[in-house]
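Novice: All I have is the shape, not the residue letters:
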């Protein structure tokens, strides 16, 4: 049985699901939970009165965020105590191999860390949702207020408290969100990969972009390097196209994505930016590092 709005729902699913999974993952720290929450949001959209919904994306953001808030509260009530960031030991990746251009080497000052996800677990549910919506996804406080059902001044206070707690957990270091331009590029990249949109991917890659895959020291060879935007884009769609899931998580201060296949971490994609375009895509597939990150994600989930 088909409803009168099936086409509209299908289009909304194609257009907005990648963004919503990214949003939910940053709140929940668990890819399975994030995908389930987004599925629930679309189920509610199917039962909603479409005549009362002017902005499907905005409606879905509100519903997804509130579902995440409920889940965080529920998990917090079940948990004896929040995760302590000090309990998580991080390792740095293996020594870097030669890249196409030494000037473009990825700067892993502190290794690939999930520290922010750990610290987010220590925030109150409302602090976490407000911080993710405003500081990470750069939604204005008026929109955040509507989403969480609080006044804008209250949301500003929640965000300020969240920043203070994060800074305290990092020894006073301030969390620097990815710039609005880089956030937009990341969103377009995720959307293009999810829909298999080659043209959309080429729009965010520099014409002379290059990519590399580092499988770690046990691979027995240097990272494979691919040059030229179209070759890079086609390879990205082959490995990270429809059926895979990409979510954003900055690495070493640079825009980066975690790539999942079947809800299991399969790679880390780190971008080198040139202005508002992606100059290089560094794909980390070192089994040792991915295994470690999977274990950390399982702790968070």
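Specialist: Done, it's in. The model shown is predicted, which means the values in this text are computed figures rather than measured ones.

Novice: Show the contacting residues for residue 15.
Specialist: 57, 191 (CB atoms under 8 Å, 6 or more residues apart in numbering). Quick note: C-beta positions are derived from backbone N, CA and C, even for glycine.

Novice: Angles on the backbone of the spatially most central residue of the chain, please.
Specialist: Nearest to the mean C-alpha position of the chain, counting by CA atoms, centre = their mean, stands residue 248 at 2.2 Å. Main-chain torsions, residue 248, degrees, to the nearest 10: phi -90, psi 140.

Novice: Nearest residue to it in space, ignoring adjacent ones along the chain?
Specialist: residue 186 (5.1 Å; CB to CB, 6 or more residues apart in numbering).

Novice: What about the closest residue to residue 215 other than its chain neighbours, how many residues nearby?
Specialist: Nearest residue to residue 215, sequence neighbours excluded (CB to CB, 6+ apart): residue 285, at 4.8 Å. Using other CB atoms under 10 Å, the number of residues around residue 285 comes to 17.

Novice: same question, residue 16
Specialist: Neighbours of residue 16 using other CB under 10 Å come to 23.

Novice: for it, what are its contacts?
Specialist: Contacts of residue 16 by CB under 8 Å, 6+ apart are 56, 57, 60.

Novice: what does the helix or strand the second one falls within rub up against?
Specialist: Residue 57 belongs to helix 56-78 when elements are defined using DSSP states H and E. Contact with helix 56-78 is made by 8, 12, 15-16, 19-20, 23-24, 27-28, 33, 37-38, 40-42, 44-45, 48, 53, 82, 125-126, 128-129, 133, 139, 143, 146-149, as judged by CB under 8 Å, 6+ apart.

Novice: And it, what's buried?
Specialist: Judged by neighbour count using 16 or more other CB atoms under 10 Å, the buried positions of helix 56-78 are 56, 59-69, 71-72, 75.

Novice: quick check: mean pLDDT across that helix?
Specialist: Averaged across helix 56-78, the pLDDT comes to 87.

Novice: circling back to that earlier point, pretty sure the residue nearest to residue 215 is in contact with residue 218, am I right?
Specialist: No - contact criterion CB atoms under 8 Å: residue 285 and residue 218 do not qualify, at 11.2 Å.

Novice: Just the ones in helices from the contacts of helix 56-78, please.
Specialist: Judged by DSSP state H, these include 8, 12, 15-16, 19-20, 23-24, 27-28, 33, 37-38, 40-42, 44-45, 125-126, 128-129, 143, 146-148 as members of helices.

Novice: In PyMOL, select just the buried ones from these.
Specialist: PyMOL command restricting the ones in helices among the contacts of helix 56-78 to the buried ones, with burial defined by 16+ other CB under 10 Å:
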select buried, resi 12+16+19+20+23+24+27+28+33+37+38+41+42+45+125+126+128+129+143+146+147+148
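
Novice: got the contact list for residue 224?
Specialist: Contact partners of residue 224, counting by CB under 8 Å, 6+ apart, are 212, 213.
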